[in-house]
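S.K.: task: produce atomic coordinates for the following.
(chains A and B)
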Amino acid sequence: MSNGQNERREMTGAEMVVQALKDNGVKHVFGYPGGAVLPIYDEIFQQDEVEHILVRHEQGAGHAAEGYARSTGKAGVLLVTSGPGATNAVTPLQDALMDSIPLVCLTGQVPTSLIGSDAFQECDTVGITRPCTKHNWLVKDVNELAATIHEAFHVATTGRPGPVVVDIPKDVQFAKGIYVPPQTAPRTSYQPKVQGDLEKIKAAVELMAGAKKPIIYSGGGVINSGPEASHLLRELVDLTGFPITSTLMGLGAYPASGKNWMGMLGMHGTYEANMAMHDCDVMICIGARFDDRITGRLTAFSPNSKKVHIDIDPSSINKNVHTDVPIIGDVGRVLEDMVRLWRATAKPDKKALYPWWEQIAKWRARDSLAFKMNHDVIMPQYAIQRLYALTKDMDTYITTEVGQHQMWAAQHYHFEKPNRWMTSGGLGTMGYGLPAALGVQIAHPDALVIDIAGDASVQMTMQEMSAAVQHNAPIKIFILNNQYMGMVRQWQQLLHGNRLSHSYTEAMPDFVKLADAYGGHGIRCEKPDELDDAIKEMIAVDKPVLFDCRVATLANCFPMIPSGKAHNEMLLPDEATDEAVANAIDAKGRELV
Amino acid sequence: MNAQLQPTGSAYFIAKETEKPENHTLSVLVDNEPGVLARVIGLFSGRGYNIESLTVSETEHEKHLSRITIVTRGTPHVLEQIKHQLERIVPVHRVVDLTVRSHEFGQERPLERELALVKVAGTGEARVEALRLADAFRASVIDANTEHFIFEITGKGSKLDQFIAIMKPLGLVEICRTGVAAMNRGPQGM
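M.R.: Residues are numbered from 1 along each chain as shown, chains lettered A, B, ... in the order given. Purely as a prediction, here's the structure:
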């Protein structure tokens, strides 16, 4: 916090913006200038406390801010101009909304006198961003600007975190008014409940103590709650001896090396995790939201279990799946009570869980992530395994794009700590990973930041290579290049009679030359036995790297719960013959997304 | 009008809806600030909920609080979601499902009133009949000349429906209705 803390001073709106950023502890802002934010950029120029990271497209600023936020636990900040600046930021805003990432997006707006006149670079920013933000504001009075920005940070970072937009007309940036420091008293209508109901927690502990086939299913909420929540989750797992699985967003909250870890669950989750979800008698859902990629067919979802659901957002409770014991509160606080109550009251009989663990061991023995190794062509799974082996002992952060490579990364890269895994889960935004890696690298300049990418996704935000070069952010873009939109093709094989409509990229750029053109470093690898050396070279280079890893073009991502199927109807890799794939989904399932 | 798809929000798992939809009346207390109504309405359209009736006005001027009364239709599961989703909106203070509340009090439904202005034009027998019926419905004449009346009528929606239906053959010209204002019986506030 700066020294202006307790003073009410007169300053311009633009000065207030920068002062408010400082007072909210902001060190980095991702942005792109334009007409309607010039006064703010003028103020940024005249100070060096807040560092501005110039991107190449506002979408890049948004994803970079998301990566920054996810890897630090702080709010990510982006600053964009009116009109196209704001509309380009819509994708990352929605992405952050669905994955509960705290973002503060400051947008310029045309002067108040021109609002509604179809002025140059005007758009209804608060109208457009209303459904893709947690809350948004149009500030028409400079005297409300400082308080609004403080409130924006408060709303973005508390409760269930999410993106917010503050739209600031250019005349308000020039106008003079009184700056107020951050307030301690938030508005009365916004009071997120963080402390869980103790009676409910007691009921949950009772249910857990009597479980014969329990499972813990954790999600991104544990990461959002902070490192303490992950610590408590580990403690709870140790105390109870329960098996644990996690959603895509929750990877790293419980270490993959932990003995109770069953791998990710859901559409491309492990056989053991999904079977255990289906057959369990008590399910403890911690900071996850029963997304459709997790549950499979809802009517057949874990039919015989009592469900405990811990979530800070009451609207997540009973949204998709009926909950027997709902606990509304912050995961960290609830787990603290839960661990304390378990220690005090539960008489753990770990022997009672032996048959359950035996069953899990049988499922595990199916080895659902196995793949056929090939000595001539790099298998994508093998590429991730090697990447993991060569980087796991380093200070590594992983981001991804969206598609097959993302699922392979989730399956074969193993996370020991929270905040190390940045991916677009809810919205599934291709093009997320490269700018997110930039954001992570800015927050952690000395860390190894790798974007596990696909050849199609990475081209959606490739321009941010230029930003990475400019800001000396040596991000490593590890492209699993199969020349297909692999997941699209996989679905076309499953659902559309193998008619591969427009999922093949016939004109692929030369990624090595492209890296060169951006001032980065390009590497191509085509042979499995050259892979390790190439990865080592990538790690050693102190520049942004485009790594063109040529992988088997037709590999598909298994295991998979096909459309409209239940957890116990998974398609396993060894069963996924062409015929099985073609018949995996019946006529009814074909109509579904 | 696609509330039947709502329970999962995804075309992936369209399950047969087994619950019956019901009409419920919600009271929503909000900060009266720009855009707040758009947030509420946007939630309904964005998530595919129905609005049967909507009434908004500032009720506490000093605190800048408005009360929004929404009549919506959905299954109990969807209605619970609507309540929670409304509560997530930052300027929303409180959401009370008046229908659920009235059931808790052992009542059939909350007090609901609506006001309508009904313009009827005509001469002769029809005109006399319109005036006579208006009297029976306790509608008052708030404007008239020799060729028309404007009636003001207050009551339950069903009473207004009935009055309007009766006026149809008697020279009904136009109708304006306010939508439902509602609260629970008894001494407790929302």
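S.K.: residue contacts, A:Asp324?
M.R.: By C-beta atoms under 8 Å, 6 or more residues apart in numbering or on different chains, the contact list for A:Asp324 reads A:Leu207, A:Lys306, A:Lys307, A:Val308. In short, each C-beta sits where N, CA and C put it, glycine included.
S.K.: and it, how close does it get to chain B?
M.R.: 15 Å (C-beta to the nearest C-beta, to the nearest Å).
S.K.: kindly report the same for A:Leu236.
M.R.: In this structure, A:Leu236 lies at 26 Å from chain B, with C-beta to the nearest C-beta as the measure.
S.K.: not including adjacent chain positions, what is the nearest residue to the spatially most central residue of chain A?
M.R.: When chain A is reduced to its mean C-alpha position, the closest residue under C-alpha atoms, centre = their mean turns out to be A:Thr423, at 3.9 Å. Distances taken as C-beta to C-beta, 6 or more residues apart in numbering or on different chains put A:Thr400 closest to A:Thr423, at 4.6 Å, once the chain neighbours are dropped.
S.K.: about what we covered before: okay, and which of the contacts of A:Asp324 map to strands?
M.R.: Using DSSP state E, the members of the contacts of A:Asp324 that fall within strands are A:Lys306, A:Lys307, A:Val308.
S.K.: which residue does chain B have closest to chain A?
M.R.: With C-beta to the nearest C-beta, the shortest gap between chain B and chain A falls at B:His84, namely 3.6 Å.
S.K.: nearest residue to that residue other than its sequence neighbours?
M.R.: Spatial nearest neighbour of B:His84, excluding adjacent residues (C-beta to C-beta, 6+ apart): A:Ser315 at 3.6 Å.
S.K.: thought the one you found was touching B:Ile89?
M.R.: No. Taking contacts as C-beta atoms under 8 Å, A:Ser315 lies outside contact range of B:Ile89: 10.6 Å.
S.K.: the two: which has the busier surroundings?
M.R.: Each of A:Ser315 and B:Ile89 had its neighbours counted (other C-beta atoms under 10 Å in any protein chain shown), and the higher figure belongs to B:Ile89 (21 against 18).
S.K.: list the contacts of the nearest residue to A:Lys350 once chain neighbours are set aside.
M.R.: Leaving aside its chain neighbours, A:Lys350 sits nearest to A:Gly241 (4.6 Å; criterion: C-beta to C-beta, 6+ apart). Residues touching A:Gly241, when contacts are defined by C-beta under 8 Å, 6+ apart, comprise A:Asn260, A:Pro348, A:Lys350, A:Leu353.
S.K.: how about A:Gly241, phi and psi?
M.R.: Comment: the main-chain dihedrals of A:Gly241 come out as phi 70, psi 20, following degrees, to the nearest 10.
S.K.: so how far is chain B from it?
M.R.: When A:Gly241 is compared with chain B (using C-beta to the nearest C-beta), they lie 33 Å apart.
S.K.: and A:Met275, how many neighbours?
M.R.: 22.
S.K.: closest one of the contacts of A:Gly241 to chain B?
M.R.: With C-beta to the nearest C-beta as the yardstick, the closest approach to chain B among those comes from A:Asn260, at 29.5 Å.
S.K.: for A:Tyr413, see how far away the closest one is.
M.R.: Using C-beta to C-beta, to the nearest Å, one gets 19 Å for the distance from A:Asn260 to A:Tyr413.
S.K.: which of the ones in strands among the contacts of A:Asp324 lies closest to chain B?
M.R.: A:Lys307 (15.3 Å).
S.K.: and A:Glu358, how many residues sit next to it?
M.R.: Applying the criterion other C-beta under 10 Å, we find 9 residues in the vicinity of A:Glu358.
S.K.: helix or strand: which one has it?
M.R.: In this assignment (DSSP states H and E), A:Glu358 forms part of helix A:354-364.
S.K.: got a list of contacts for that helix?
M.R.: Residues external to helix A:354-364 that are found in contact with it (C-beta under 8 Å, 6+ apart): A:Lys212, A:Lys213, A:Pro214, A:Pro243, A:Met262, A:Thr270, A:Tyr271, A:Glu272, A:Met275, A:Ala276, A:Asp279.
S.K.: got the contact list for the closest residue to chain B within chain A?
M.R.: Closest approach of chain A to chain B (C-beta to the nearest C-beta) occurs at A:Ser315, with a separation of 3.6 Å. Contacts of A:Ser315 were listed using C-beta under 8 Å, 6+ apart, and they are B:Gln81, B:His84, B:Gln85, B:Glu87, B:Arg88.
S.K.: residues contacting the closest residue to A:Gly250 other than its chain neighbours?
M.R.: Once its chain neighbours are removed from consideration, A:Gly250 has its nearest residue in A:Gly219; the separation is 4.1 Å (C-beta to C-beta, 6+ apart). By C-beta under 8 Å, 6+ apart, the contact set of A:Gly219 is A:Ser246, A:Thr247, A:Met249, A:Gly250, A:Cys285, A:Ile286, A:Gly287, A:Ala288, A:Arg289.
S.K.: now, which of the residues you listed lie within helices?
M.R.: Using DSSP state H, no member of the contacts of A:Gly219 falls within helices.
S.K.: among those residues, which are located in strands?
M.R.: The members of these that map onto strands under DSSP E are A:Ser246, A:Cys285, A:Ile286.
S.K.: can I assume the first one is in contact with A:Gly220?
M.R.: Spelled out, it's A:Ser246. No. A:Ser246 sits out of contact with A:Gly220 when judged by C-beta under 8 Å, with a separation of 9.0 Å.
S.K.: common neighbours of those two, please.
M.R.: Taking C-beta under 8 Å, 6+ apart as the contact rule, the neighbours common to A:Ser246 and A:Gly220 are A:Ala288.
S.K.: of these two, which one has the most company?
M.R.: Ranked by neighbour count (other C-beta under 10 Å), A:Ser246 and A:Gly220 place A:Ser246 first, with 32 against 28.
S.K.: what's the neighbour count on residue 81?
M.R.: Picked chain A for this. Around A:Thr81 there are 25 other residues, counting by other C-beta under 10 Å.
S.K.: that's the wrong chain, I meant chain B
M.R.: As a burial measure, the neighbour count of B:Gln81 was computed by other C-beta under 10 Å and equals 22.
S.K.: looking at A:Asn260 and A:Tyr413, which one has more neighbours?
M.R.: A count of neighbours by other C-beta under 10 Å puts A:Tyr413 above the other of A:Asn260 and A:Tyr413, at 22 against 19.
S.K.: is stretch A:179-195 positioned near chain B?
M.R.: Yes. For stretch A:179-195 and chain B, the contact criterion (C-beta under 8 Å from any C-beta of the partner chain) is met by A:Arg187, A:Thr188, A:Ser189, A:Tyr190.
S.K.: so who does A:Met275 touch?
M.R.: Counting by C-beta under 8 Å, 6+ apart, the residues that A:Met275 touches are A:Trp363, A:His567, A:Asn568, A:Met570.
S.K.: help me confirm that the third one is found in a strand?
M.R.: No. A:Asn568 is assigned coil when assessed by DSSP: H, G, I helix; E, B strand; the rest coil, not a strand.
S.K.: distance of it from A:Met275?
M.R.: Per C-beta to C-beta, A:Asn568 is found 6 Å from A:Met275.
S.K.: which positions in stretch A:417-425 come out as buried?
M.R.: Of the residues in stretch A:417-425, those with enough neighbours to count as buried (16 or more other C-beta atoms under 10 Å in any protein chain shown) are A:Pro418, A:Asn419, A:Arg420, A:Trp421, A:Met422, A:Thr423, A:Ser424, A:Gly425.
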